[in-house]
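Asker: From the sequence below, what's the structure:
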Amino acid sequence: MLAALKRKISNKTAKVAVIGLGYVGLPLAVNFAKVGYKVFGLDMDQDRVNKIKNKVSYILDVSTKDVAKVINNGKFEAFTEFEVLKTADVIIICVPTPLKRKYTPDISYILSAVRTIRKFKKKGALIVLESTTYPGTTEELIKPELEKGGGKVGRDFYLSFSPERIDPGNETYNVTTIPKVVGGLTPACGELTKLLYNKVIKHIHVVSTAKAAEMTKLLENSFRIINIGWINEVAMMCEKMDVDVWEVIEAAKTKPFGFMPFYPGLGVGGHCIPDDPLYLYWKAKNMGFSSKYIKLSADTNTNMIDYAVTRIKDILRQKKKRLLKSKILVLGCTYKKDVKDLRKSPPLKLIEALKEKKAIVDYHDPIIPFLNIGDLDMTSITLDEKNLKKYDCVVVATDHSRVNYNKVLKHAKVIFDVRNIYAGKKDKKIVKL
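Answerer: Numbering: from 1, shown residues only. The predicted structure follows:
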């Protein structure tokens, strides 16, 4: 059975099913289809499936042209029904892993996918989890769940963890060029997974266990959240000391060793950085170990919204205005430059926080024409002279290449520059984070 699956993967006759067609799953599915595998994309979201059937991409890193090509050549199909798993030789799980509460993982999507796989999987299939989770999930939770259906891992089916490493909008590193970490539950599981991913990804790094691969992903993301939390704390410290934090960072960057620049802001956005390290925090706490760095950094980043509101209030007070009923324009509502991604975006939280304080808030974002998310139902305003002059404060929350910041500087009454757009400029209108 192992030899047969190796042959199928090697000659690309293996049928690959990808569960979850979001930022991770869709690029992976399309790239496997592009190199010749027959791929089934599965998602509970009917709208996503309809768009794929209509040959339209809804993910920045996957072109509509590529989706149309793999559908037209019969290599890619999308479904909301999971019976197609009966024919799949490889099943890759790319479902969300949010938090139930502030520090508690929600693995219900993973469990739901695994129980469906147990119901339909064929004997000898390779199952790979890509969804970020706490160390031990694959071995302690997924393996026993799959073995309830009969059979043993490494004999009747194969199981690995290979963490996703997607950076939306990154034109240099995509799913095919970012090195892939693989950890199998047995050597054969790891060998099969490496063989599979080598067909679409240039470099595969195999670790000894699935738990080591799970920990690798959380180390990467915890490194980010801790350093962002630290630089946010430094920014608040520098403001108290009347030091320009941006000037300090630029100076520190000149050191050719032992320093990596991180930049302050309203917090962290996307899925990975805000949530994933807290999976590690939760797991460590359950084993009697308190990760002070992760919790402190997460709390520091979360509190940046309150800090920003306080700074805006102070800016307005200097102009003899109250925050109540002041007109505030937030420039940019995505969490990342020129990337149409609103997942946990800090500027959205800032808009909500300002509205709670009864400020009158509008936004402009060149790639987000309207907001209909949570309690926000807004339309992006036109960035012209007339509009800019009516706001008491303009907050530069996200850097976008399509925004004319010189126009903002010319016509705005006062600017709270969170992203350091006006680096090196000294102007009485500009107040930096």
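Asker: Does the most far-flung residue of the chain relative to its centre lie in a helix or a strand, and which?
Answerer: Note on the chain: the largest C-alpha distance from the chain mean falls to Lys320, namely 40.3 Å (Cα atoms, centre = their mean). For Lys320, there is no host helix or strand (DSSP states H and E).
Asker: Helices along the stretch 1-150 of the chain, start to end?
Answerer: Here the stretch 1-150 of the chain has its helices, by DSSP state H, counting those that start in this stretch, at 2-11, 25-34, 46-53, 64-72, 108-120, 137, 143-147.
Asker: List the contacts of Leu192.
Answerer: Neighbour list for Leu192: Leu2, Leu5, Lys6, Ile9, Leu126, Tyr158, Ser160, Gly184 [criterion: Cβ atoms under 8 Å, 6 or more residues apart in numbering]. Backbone N, C-alpha and C define where each C-beta goes, glycine included.
Asker: now the residues you listed in TSV, with pLDDT?
Answerer: As requested, the contacts of Leu192 are exported to TSV (pLDDT from 0 to 100):
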residue	pLDDT
Leu2	93
Leu5	97
Lys6	97
Ile9	98
Leu126	98
Tyr158	98
Ser160	98
Gly184	98
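Asker: Relative to Ile93, which of those is nearest.
Answerer: When the contacts of Leu192 are ranked by distance to Ile93 (Cβ to Cβ), Ser160 comes first, at 10.7 Å.
Asker: so how far is Cys393 from the closest one?
Answerer: Distance, Ser160 to Cys393, using Cβ to Cβ, to the nearest Å: 51 Å.
Asker: Compare neighbour counts for the two and give me the winner.
Answerer: A direct count of neighbours by other Cβ atoms under 10 Å for Ser160 and Cys393 places Ser160 higher, at 29 against 25.
Asker: I'd like to know how far the closest residue to Leu85 other than its chain neighbours sits from Thr87.
Answerer: Once flanking residues are discounted, Leu85 sits nearest to Phe120: 3.8 Å by Cβ to Cβ, 6 or more residues apart in numbering. Note on Phe120: its distance to Thr87, by Cβ to Cβ, is 9 Å.
Asker: how about the helices of the stretch 1-150 of the chain in CSV, adding distance to Asp365 and mean neighbour count?
Answerer: Shown next, in CSV, are the helices of the stretch 1-150 of the chain (distance: least, Cβ to Cβ, whole Å; neighbours: other Cβ atoms under 10 Å):
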stretch, distance to Asp365, mean neighbour count
helix 2-11, 43, 14
helix 25-34, 23, 25
helix 46-53, 22, 16
helix 64-72, 22, 17
helix 108-120, 29, 18
helix 137, 36, 24
helix 143-147, 42, 16
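Asker: Any idea how many residues pack against the closest residue to Ile360 other than its chain neighbours?
Answerer: Distances taken as Cβ to Cβ, 6+ apart put Lys327 closest to Ile360, at 4.8 Å, once the chain neighbours are dropped. The local packing of Lys327 (other Cβ under 10 Å) involves 15 other residues.
Asker: And Lys327, what's its pLDDT?
Answerer: Listed pLDDT for Lys327 reads 98.
Asker: Could you report the neighbour count for the nearest residue to Arg419 once chain neighbours are set aside?
Answerer: Spatial nearest neighbour of Arg419, excluding adjacent residues (Cβ to Cβ, 6+ apart): Asp399 at 4.6 Å. For Asp399, the neighbour count with other Cβ under 10 Å is 18.
Asker: How about Gly184?
Answerer: By other Cβ under 10 Å, 28 other residues sit near Gly184.
Asker: Tell me the bridge partners for it.
Answerer: On the basis of DSSP bridges, Gly184 is bridged to Ser160.
Asker: and it, what does it touch?
Answerer: With Cβ under 8 Å, 6+ apart, Gly184 has these contacts: Tyr158, Leu159, Ser160, Gly190, Glu191, Leu192, Thr193, Val206, Thr209, Ala210.
Asker: 7 Å - rerun?
Answerer: Residues in contact with Gly184 (Cβ atoms under 7 Å, 6 or more residues apart in numbering) are Ser160, Gly190, Thr193, Ala210.
Asker: Restricted to strands, list those.
Answerer: Ser160 (DSSP state E).
Asker: out of the contacts of Gly184, what pair is the most spread apart?
Answerer: Farthest apart among those by Cβ to Cβ are Thr193 and Ala210. That separation is 10.0 Å.
Asker: Any buried residues in the biggest helix by length in the chain, and which?
Answerer: If you go by DSSP state H, the chain has its longest helix at helix 210-241. Neighbour counts over helix 210-241 (16 or more other Cβ atoms under 10 Å) mark 210-211, 213-218, 220-222, 224-226, 228-236, 238-239 as buried.
Asker: can you give me the mean pLDDT across that helix?
Answerer: On average, helix 210-241 scores 97.
Asker: Just give me how far the helix or strand just after that helix sits from the chain centre.
Answerer: Downstream of helix 210-241, the next assigned helix or strand under DSSP H and E is helix 245-252. Mean-position distance between helix 245-252 and its chain equals 27 Å (Cα atoms, centre = their mean, to the nearest Å).
Asker: ok, and for helix 245-252, which residues are buried?
Answerer: For helix 245-252, burial by neighbour count (16+ other Cβ under 10 Å) applies to Val245, Trp246, Ile249.
Asker: Repeat that for stretch 149-158.
Answerer: Neighbour counts over stretch 149-158 (16+ other Cβ under 10 Å) mark Val153, Gly154, Asp156, Phe157, Tyr158 as buried.
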